[in-house]
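Chemist: Structure here, sequence nowhere to be found:
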C-alpha cells in the first residue's frame, strides 16, 4: 500500500506541474482575448476535453482492465492477450474518430457557431482524433503498470506545448481566437506523436487487424463503460455548455475561470483513481474483498483531504487572487468557483467507488448513476440558471455530483454487506 501511496503522490506532482503551466495560460488568455472570444474558446476547449474523455469509446478502460488482469507479476513478458487488445482498440478508436472528425467538420461548415472561421472549424476537427488517441494510449500504458508515463503527456505535455506555441505567436504576429485554436490542435498532435513513441518503446506488437467479430466484441464490452463516460463527461462540462446556451458568451468566460480553478482538487482524485484502477481490476478478478475495501478506504481519504484543504484555501484567498490576476469583469466568478470546488470535495470523498465498479466489470451500474447526475445537472442546471444565473447552475452541478458519487458508494457498501 505504501508503494501505491507513493505512486499517487508522484502523479499528483505531475498534475500540479500541469496546473502550474495551465493556470498562467488561462489567466493570460483572459487578459488578452475579448471576453466574448474567451467564451467561444471555452466552449471549443470544453468540447475537445469531452472528445479526450469520450473519444476512446470506453476502450481505454477496457484495455486497462484486460491488460492489468493478464499482466504477470513484474510486468514482463507482456502476454499476447495484452498486445492483441492494444492493437485492436487502437484500430477501432482511430477509424471511428477519423469518421467523426470528418462529420464534425461538415457540421461546423454548415452550422458554424457565431465567431468561428473556417480555420477554426478545421483546427477543432483535426484535433479530435489526436485527443481521442491520447486518451486510449494513456489507458493502455496504465494497464501495463506505467502510471507516470501515462500521465506525463496528458497532464503536462499538452499544456506545455500549447503554452510554448502561444508564446511563439505572441512574440511574432500576435494572438487571436484562431491562433489559439490552431496552437491547441498542433499541441495535441505533437503530444500524441511523443506518446506513441513511448508506447512503442514500452512494447507494442503488431497483430493482425481485428476481425468483424473482434470489433463487435469490443463494441459490446465497451458500450457500458462508454455510456458511463458519456454521462459523466457531459455532466462535467455542463456548466460551460449550459452557460453558453442560457447565459451567453460573457458568462461562459466567467464560468470557464470558475471551472478551471474550482476543479483543481481533481488532480488528487484523478491521480488516486489512475493509481488504484489496476489494483481494483486485479483484486476484483481475484475476488479479494478485503483488499478492495482497504484500497477503497485509503484512496478515498487520500483524495478527500487535499480536496477539502483546497476548498478552504479558495474561501480565503480566491477574492484576492481574482482581483490581482484578472480583469475586474471576472470578479463574479468567485462564488461559482467555490460551489464547484465544494462539489469536487464530495466527488473526492465518494467518487472512487465508481472507478472500482468499472474495474470490476459493473460499468453498466455506473452508467445509471452517471445518467442520474447528467439529468439533474442539465435539467436542473437550465432551470436554476434561468432563475439564479451562474450560482443556480452551480447548485445543480453539486446536486448532480451527490446523486452519482453518493449512489456509487452506497451501492458498493450494500453489495459488501450482502455478499
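Modeler: Sure, I can see it. What you see is a predicted model; the values in this text were computed from it and never measured.
Chemist: Could I get the average pLDDT for the host helix or strand of residue 409?
Modeler: Per DSSP states H and E: residue 409 is located in helix 390-418. In this model, helix 390-418 carries a mean pLDDT of 85.
Chemist: buried sites along it?
Modeler: If you call a residue buried by 16 or more other CB atoms under 10 Å, then helix 390-418 has these buried ones: 390, 392-409, 411-412. C-beta coordinates here come from the backbone N, C-alpha and C atoms, glycine included.
Chemist: what's near enough to touch residue 95?
Modeler: Neighbouring residues of residue 95 by CB atoms under 8 Å, 6 or more residues apart in numbering: there are none.
Chemist: buried stuff in the one helix or strand it maps to?
Modeler: Assigned by DSSP H and E, residue 95 belongs to helix 80-110. For helix 80-110, burial by neighbour count (16+ other CB under 10 Å) applies to 82-93, 96-97, 100-101, 104-105, 108.
Chemist: Check which element follows it along the chain.
Modeler: Proceeding C-terminally, helix 80-110 gives way to helix 118-143 as the next helix or strand, assigned by DSSP H and E.
Chemist: for the nearest residue to residue 199 once chain neighbours are set aside, what are its contacts?
Modeler: Nearest non-adjacent residue to residue 199, counting by CB to CB, 6 or more residues apart in numbering: residue 137, 5.2 Å away. For residue 137, the contact set (CB under 8 Å, 6+ apart) comprises 150, 192, 195-196, 199.
Chemist: centroid residue for the chain?
Modeler: In the chain, the C-alpha nearest the mean C-alpha coordinate belongs to residue 53, at 5.2 Å (CA atoms, centre = their mean).
Chemist: which stretches of the stretch 201-350 of the chain have low pLDDT?
Modeler: Counting by pLDDT under 70, the stretch 201-350 of the chain shows low-confidence ranges at 208.
Chemist: Against which helices or strands is the top helix by length along the chain packed?
Modeler: Ranked by number of residues, the top helix in the chain under DSSP state H is helix 289-325. In terms of contacts (3 or more CB pairs under 8 Å, 6 or more residues apart in numbering; DSSP states H and E), helix 289-325 is packed against helix 2-32, helix 249-262, helix 266-286, helix 334-350, helix 352-359, helix 390-418.
Chemist: Run the chain-centre distance for the second one.
Modeler: Average the C-alpha atoms of helix 249-262, do the same for its chain, and the two points are 17 Å apart (CA atoms, centre = their mean, to the nearest Å).
Chemist: got the buried residues for it?
Modeler: 249, 251-262.
Chemist: Make JSON lines out of those and add distance to residue 285.
Modeler: Putting these into JSON lines (distance: CB to CB, whole Å) gives the following:
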{"residue": "249", "distance to residue 285": "48"}
{"residue": "251", "distance to residue 285": "47"}
{"residue": "252", "distance to residue 285": "44"}
{"residue": "253", "distance to residue 285": "46"}
{"residue": "254", "distance to residue 285": "46"}
{"residue": "255", "distance to residue 285": "41"}
{"residue": "256", "distance to residue 285": "41"}
{"residue": "257", "distance to residue 285": "43"}
{"residue": "258", "distance to residue 285": "41"}
{"residue": "259", "distance to residue 285": "36"}
{"residue": "260", "distance to residue 285": "37"}
{"residue": "261", "distance to residue 285": "39"}
{"residue": "262", "distance to residue 285": "36"}
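Chemist: From those residues, pick the one nearest residue 385.
Modeler: Residue 385 lies nearest to residue 251 out of the buried residues of helix 249-262, by CB to CB, at 8.8 Å.
Chemist: What sits closest to the closest one if chain neighbours are left out?
Modeler: Going by CB to CB, 6+ apart, residue 251 has residue 243 as its nearest residue, at 4.9 Å.
Chemist: Next, count neighbours for that neighbour.
Modeler: 30 (other CB atoms under 10 Å).
Chemist: what residues are up against it?
Modeler: Counting by CB under 8 Å, 6+ apart, the residues that residue 243 touches are 251-252, 254-255, 385, 390, 393.
Chemist: Could you look up the SS state of residue 77?
Modeler: Following DSSP: H, G, I helix; E, B strand; the rest coil, residue 77 is assigned to coil.
Chemist: To clarify, my last question referred to residue 235.
Modeler: When classified by three-state DSSP, residue 235 comes out as helix.
Chemist: ok, it to residue 335 distance?
Modeler: For residue 235, the distance to residue 335 equals 20 Å [CB to CB, to the nearest Å].
Chemist: So the two - more neighbours on which side?
Modeler: Under the criterion of other CB under 10 Å, the comparison of residue 235 against residue 335 puts residue 235 first, with 25 against 14.
Chemist: For residue 310, see how far away that one is.
Modeler: 21 Å.
Chemist: repeat for residue 253
Modeler: 23 Å.
Chemist: what does residue 281 give?
Modeler: From residue 281 over to residue 310 the distance is 29 Å, taken as CB to CB.
Chemist: more crowded one of the two?
Modeler: Shown here are residue 281 and residue 310; by other CB under 10 Å, residue 281 has more neighbours (25 against 22).
Chemist: so what's the more buried one up against?
Modeler: 64-65, 68-69, 359-360.
Chemist: mind running it again at 6 Å?
Modeler: The contact partners of residue 281, by CB atoms under 6 Å, 6 or more residues apart in numbering, come to 65, 68-69, 359.
Chemist: any idea how far it lies from residue 357?
Modeler: On the measure of CB to CB, residue 281 and residue 357 end up 11 Å apart.
Chemist: and what of residue 290?
Modeler: Counting by CB to CB, the gap from residue 290 to residue 357 is 18 Å.
Chemist: The two: who's more crowded?
Modeler: Shown here are residue 290 and residue 357; by other CB under 10 Å, residue 357 has more neighbours (24 against 8).
Chemist: how close does the more buried one get to residue 304?
Modeler: Distance from residue 357 to residue 304, by CB to CB: 18 Å.
Chemist: May I see the contacts of residue 281 organised as TSV, with secondary structure added?
Modeler: Formatted as TSV, those follow (three-state DSSP):
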residue	secondary structure
65	helix
68	helix
69	helix
359	helix
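Chemist: and which of the residues you listed is nearest to residue 26?
Modeler: Using CB to CB, these come closest to residue 26 at residue 359, 32.4 Å.
Chemist: The closest one reaches residue 282, doesn't it?
Modeler: No: using CB atoms under 6 Å, residue 359 is not in contact with residue 282, being 8.6 Å away.
Chemist: so who does residue 46 touch?
Modeler: Applying CB under 6 Å, 6+ apart to residue 46 gives the contacts 237, 240.
Chemist: swap in residue 91?
Modeler: By CB under 6 Å, 6+ apart, residue 91 lies in contact with residue 210.
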